[in-house]
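>>> next come a sequence and a model predicted from it.
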Amino acid sequence: MLKALKDVGYETPSAIQAATIPSLLSGRDVLGVAQTGTGKTAAFALPILSNLDVSQKTPQALVLAPTRELALQVCEAFERYASGMRGVHVLPVYGGQGYGVQLSALRRGVHVVVGTPGRIMDHLDKGTLDLSQLKFLVLDEADEMLKMGFAEDVETILADTPKSKQIALFSATMPAQIRRISGKYLQDPEEITVKNKTTTSANTTQRYLMVSYPHKVDALTRILETENFEGMIVFVRTKNETETLAEKLRARGYAAAAISGDVAQAQRERTVEQLKNGKLDILVATDVAAAGSTSTGSATSSTTTSPSTPSRTSTASAARAAPDAAVRRSASSRRASAASSPPSRRPRASRSPRCACRAPRT
């Protein structure tokens, strides 16, 4: 495992890792408050992998995540960390994928299951997922699972799995319902809080527009035409939305690409690097995919979905109040250039995209 950590570039633990790993290794339950991007996946994955019995073929660890994309990202992280461990099997379990693949893997035997509450409940109801030997249960982004209506499923899973299991609950916020669940199911948990170091900068201007759903692409296009930007990240809710919006933006003359949790981490990093190097104008991403990729510096961002009102759209943008010293092209000149030039773009000087995430999904 140490070699795998070195291969993925880990040298020193993050704050959440340094605080959480010793507690989990000692067998304590953990209640952690941490934002996405703080390294919490490794904080629970490494202790779990360290305590697996590879000879046991029934699931020993279950990680619950609010979305398919986060489940896939967590599963991918487990596989990276376990790359030097022979015989460790990790299975993502989520809705939208046929049951056949999941059932075949479960029959062969898996050690770690990473899934969404709804699909986990489906398997439990069908009797196709045996959690009788479960040793570890992780609730990742617990507040988001509750916001999405999974509270009943989460509590059912907590209640119907062995009481001797070790629980780690991670949440970006600590509402009363999370406190209640923690008090009911966690045994004398170690409470760990990691302050978010990526709060909105004072030189960031935030705006939002409320537009009807059919007009959201036109509204976004108008923002692109009137804003000066070096690189933009547009956040959407689902993988399909990333691909659809990126295609529409390309049709309007922008160099746009899509990333989601379904895309391998290495490919996501390469795509983000293209944005940094000026080979892309716009990156269309889901929150999870963007959070799992390295993007630092100043950014223009836009959010084209509003989770609470599906029939309306919130198109939000954040841009630096003080422009950079470097010469910028306006969005309209980008379109004109793209329309009259071949698809291949000439790289500009390397710079970091400006990135501002919308209010949590995570």
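Thanks, I have it.
>>> could you point out which element follows the helix or strand containing residue 124?
Using DSSP states H and E, residue 124 sits in helix 117-126. Using DSSP H and E, the helix or strand that follows helix 117-126 towards the C-terminus is strand 136-139.
>>> give me the phi and psi for residue 33.
phi -110, psi 110 (degrees, to the nearest 10).
>>> pretty sure it contacts residue 169?
No. Residue 33 is beyond contact range of residue 169, at 9.6 Å (criterion: CB atoms under 8 Å). All C-beta atoms are positioned from the backbone trio N, CA, C, and that covers glycine.
>>> who has more neighbours, these two?
Taking other CB atoms under 10 Å, residue 33 and residue 169 do not tie; residue 169 has more neighbours (26 against 21).
>>> pretty sure residue 17 sits in a helix.
Yes. Counting by DSSP: H, G, I helix; E, B strand; the rest coil, residue 17 is part of a helix.
>>> and it, what does it touch?
By CB atoms under 8 Å, 6 or more residues apart in numbering, residue 17 lies in contact with 39, 40, 42, 43, 46.
>>> tell me how the protein divides into domains.
Domains of the chain are assigned by automatic domain parsing as 2-193, 204-340.
>>> so which elements touch whichever strand or helix holds residue 80?
Element membership for residue 80 (DSSP H and E) is helix 68-81. Where contact means 3 or more CB pairs under 8 Å, 6 or more residues apart in numbering; DSSP states H and E, helix 68-81 is packed against helix 2-7, helix 40-50, strand 90-93, strand 112-115, helix 265-276, helix 287-291.
>>> mean neighbour count added to these, as JSON lines?
Formatted as JSON lines, these follow (neighbours: other CB atoms under 10 Å):
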{"stretch": "helix 2-7", "mean neighbour count": "12"}
{"stretch": "helix 40-50", "mean neighbour count": "24"}
{"stretch": "strand 90-93", "mean neighbour count": "25"}
{"stretch": "strand 112-115", "mean neighbour count": "26"}
{"stretch": "helix 265-276", "mean neighbour count": "18"}
{"stretch": "helix 287-291", "mean neighbour count": "25"}
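>>> of the ones you listed, which approaches residue 238 most closely?
Closest approach to residue 238 among the helices and strands packed on helix 68-81 is made by helix 287-291 (10.6 Å; CB to CB).
>>> re the thing from before, worst mean pLDDT among the domains of the chain?
Of all the domains of the chain, domain 204-340 carries the lowest average pLDDT, namely a mean of 70.
>>> where along this structure do the helices fall?
Assigned helices in the chain, in chain order: 2-7, 15-25, 40-50, 68-81, 99-108, 117-126, 142-147, 151-160, 176-185, 216-226, 239-251, 265-276, 287-291, 331-340 (criterion: DSSP state H).
>>> which of these sits closest to residue 135?
Per CB to CB, nearest to residue 135 of the helices of the chain: helix 40-50, 8.4 Å.
>>> please tabulate the helices and strands packed on helix 68-81 in JSON lines, including the columns distance to residue 17.
Below are the helices and strands packed on helix 68-81 laid out as JSON lines (distance: least, CB to CB, whole Å):
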{"stretch": "helix 2-7", "distance to residue 17": "11"}
{"stretch": "helix 40-50", "distance to residue 17": "5"}
{"stretch": "strand 90-93", "distance to residue 17": "19"}
{"stretch": "strand 112-115", "distance to residue 17": "18"}
{"stretch": "helix 265-276", "distance to residue 17": "18"}
{"stretch": "helix 287-291", "distance to residue 17": "16"}
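>>> figure out which of the ones you listed is closest to residue 62.
Checked against CB to CB, the stretch from the helices and strands packed on helix 68-81 lying closest is strand 112-115, at 5.1 Å.
>>> what are the C-alpha coordinates of the closest one, in PDB please?
C-alpha atoms of strand 112-115 as PDB (Å, rounded to 0.1, in the frame of the first residue of the first chain):
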ATOM      1  CA  VAL A 112     -15.600  -3.300  -0.300                       C
ATOM      2  CA  VAL A 113     -18.900  -2.100  -1.700                       C
ATOM      3  CA  VAL A 114     -19.300   1.500  -2.600                       C
ATOM      4  CA  GLY A 115     -22.900   2.500  -3.500                       C
END
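>>> looking at the contacts of residue 17, spot the one nearest residue 157.
residue 40 (19.7 Å).
>>> I'd say the closest one and residue 30 touch.
No. Using CB under 8 Å, residue 40 makes no contact with residue 30, being 10.0 Å away.
>>> what residues are shared contacts of those two?
residue 20.
>>> any idea how many residues pack against the closest residue in space to residue 186 that isn't next to it in sequence?
Take residue 186 and drop its neighbours on the chain: the residue closest to it by CB to CB, 6 or more residues apart in numbering is residue 29, 4.3 Å away. Residue 29 has 20 neighbouring residues, counting by other CB under 10 Å.
>>> many thanks, we can stop here.
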